[in-house]
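In: 3D model of this:
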Amino acid sequence: MDKDDLLKRASKKELFAKGSIIALIISIPSLAGFFLSWAILGNLIEAAVVGLVIHFVVMGFAIKIAKKILGTKY
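Out: As a prediction, this is how the structure comes out:
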């Protein structure tokens with residue numbers, strides 16, 4: 001599949017909307033984990049490490065999540 005086929009299938013607004021959804025799926029769990037662990041532990045450094053770990057775990061599953069939710073087959 002070349003670029004022309006991809007551009008014909010998806011408009012800029014559609015790509016922006018789907019990219020925003022994926023960004024929210026990736027960022028919300030890591031921010032929630034950061035703030036919850038900061039409130040529970042009371043230590044900013046440990047909370048940052050917890051948020052970072054959650055962020056990379058979610059990024060590892062981002063392609064699978066995107067395919068399930070958005071139904072893209074690029």
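
In: pLDDT on stretch 67-74, on average?
Out: Mean pLDDT, computed over stretch 67-74, is 66.

In: next, count neighbours for V50.
Out: Counted with other CB atoms under 10 Å, the neighbours of V50 add up to 19. Yep, even glycine has a C-beta here, placed from its N, CA and C like the rest.

In: my read: it touches F34, true?
Out: Yes: counting by CB atoms under 8 Å, V50 does reach F34; the two are 6.6 Å apart.

In: and G19, how far from V58?
Out: 16 Å (CB to CB, to the nearest Å).

In: show me which of those two is the more surrounded one.
Out: Using other CB under 10 Å as the criterion, G19 and V58 rank with V58 on top: 17 against 12.

In: next, the buried residues of the strand or helix carrying that one.
Out: Using DSSP states H and E, V58 sits within helix 44-60. Neighbour-count burial for helix 44-60, counted by 16 or more other CB atoms under 10 Å, picks out 47, 50-51, 54-55, 58.

In: now render the residues you listed as a markdown table, adding pLDDT.
Out: Formatted as a markdown table, the buried residues of helix 44-60 follow (pLDDT from 0 to 100):
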| residue | pLDDT |
| --- | --- |
| A47 | 95 |
| V50 | 95 |
| G51 | 94 |
| I54 | 94 |
| H55 | 93 |
| V58 | 90 |
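
In: mind putting the residues you listed into a markdown table with distance to S27?
Out: Converted to a markdown table, the buried residues of helix 44-60 look like this (distance: CB to CB, whole Å):
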| residue | distance to S27 |
| --- | --- |
| A47 | 16 |
| V50 | 15 |
| G51 | 10 |
| I54 | 10 |
| H55 | 8 |
| V58 | 9 |
